[in-house]
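S.K.: The following block contains a protein sequence and its predicted model.
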Amino acid sequence: MLTADQKDEFNALLPGKSTEAGATRRTALKTALGVGYAATALPIMAQTAIKTPASGLAAGEGIYDIEGFSVPFYYAAPEGKQNLPVILVVQEIFGVHEYIADTCRRFAKAGYLAIAPDLYARQGDAAKYTDIGRLLSEVVAKVPDAQVMADLDGAVQWAGENGGNSKRVGITGFCWGGRIVWLYAEQSKNIKAGVAWYGRLVGESSELTPKHPLDLAAGLKAPVLGLYGGQDGGIALTTVNQMKDALAEAGKKGNQAARASEFVVYPQAPHAFHADYRSSYVKEAAEDGFKRALEWFKGHGV
């Protein structure tokens, strides 16, 4: 049974949903972390899907340990470089697949060590699902926020030991990962700035997800740039305005990170407008958002 939040998430992903019957028509199946597209995200829009070459980069898979569990990740960085600024790339609802890996390579081309840990790894393999509803209820709904925060801490540590500068860290994330950006910016002292792409700001509290971004606005430790779509079917602009008000109030009380946080809303963009492999992609908004993200990180010392 899906919660109200999960149903909203499901509806926001339409019309690109996948079904068991359509699985036989899909060819770009994921075979390894960051390779191929998640089955639930197919079929892809090949004419708009961006393919960033790995030439000049060190890129691939790895693992790091958190309390005895090996967390798999995809990373990309300029080859042979050290002391690199770090970007944590947080997966969308479909996990770490080709789109997330390509986003890591884009940041690497801009001079960053980008790392995308598989934050569902303990709960299941998102690549094996062909139905979004089942993916949400059987995997995503079982992922505790506390686990995600610890795994991101582990990613920062790995990056700092492998060519990255752990004092210059930013975080970005999409959809499910957009919400995580806000949470990590409140709970961690590891980062200097965040960029949240259409991350949910409010929701039902549960044992696994006790707080949501709006609840945590007053404690923000790093400024966040929120990039949202005016036509998002799952994230009401009223919640964006609520978050703006909460950040403004926190800023008045002396929270510098809250005061520095900003929102950009693209009026004609739907949910997942940065996802170039899907029909929701809006080229102008996606390109402008990525440019703003790079400027945001640079402007905040990442």
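M.R.: Arrived safely, thanks for sending. Because the structure is a prediction, the values reported are computed rather than measured.

S.K.: So Gly60 lies in a helix, does it not?
M.R.: No: with DSSP: H, G, I helix; E, B strand; the rest coil as the criterion, Gly60 is assigned strand and is not in a helix.

S.K.: correct me, but it touches Phe73?
M.R.: No: counting by CB atoms under 8 Å, Gly60 stays clear of Phe73, with 9.8 Å between them. For every residue, glycine as well, the C-beta is placed using N, CA and C.

S.K.: now the helices: where do they sit in the stretch 101-250 of the chain?
M.R.: With DSSP state H, counting those that start in this stretch as the definition, the stretch 101-250 of the chain shows helices at residue ranges 132-138, 145-161, 176-187, 213-216, 237-252.

S.K.: just these: most buried one?
M.R.: Comparing these on average neighbours per residue, with mean count of other CB atoms under 10 Å, the densest one is helix 176-187 at a mean of 25.

S.K.: Which one of Gly60 and Phe73 is surrounded by more residues?
M.R.: When Gly60 and Phe73 are compared for neighbours, Phe73 comes out ahead with 26 against 15, by other CB atoms under 10 Å.

S.K.: ok, the more buried one touching Ala114?
M.R.: No: taking contact to mean CB under 8 Å, the distance of 10.2 Å between Phe73 and Ala114 leaves them out of contact.

S.K.: Pull up the gap between the spatially most central residue of the chain and Asp131, please.
M.R.: The residue lying closest to the centre of the chain (CA atoms, centre = their mean) is Gly173, at 2.0 Å. In this structure, Gly173 lies at 23 Å from Asp131, with CB to CB, to the nearest Å as the measure.

S.K.: Same check on Tyr277?
M.R.: As it turns out, when the distance is counted by CB to CB, Tyr277 lies 19 Å from Asp131.

S.K.: cool, and Val35?
M.R.: Between Val35 and Asp131 the computed distance is 21 Å (CB to CB).

S.K.: Phe174 now?
M.R.: Phe174 sits 20 Å away from Asp131, taking CB to CB as the criterion.

S.K.: Could you give the backbone dihedrals for Asp131?
M.R.: Its backbone dihedrals place Asp131 at phi -130, psi 120, with angles given as degrees, to the nearest 10.

S.K.: Would you check that it makes contact with Ala38?
M.R.: No: here Asp131 does not reach Ala38: they are 11.7 Å apart, not a contact under CB under 8 Å.

S.K.: Settle it for me: which of those two has more neighbours?
M.R.: For Asp131 against Ala38, the residue with the higher neighbour count under other CB under 10 Å is Ala38, and the figures read 29 against 17.
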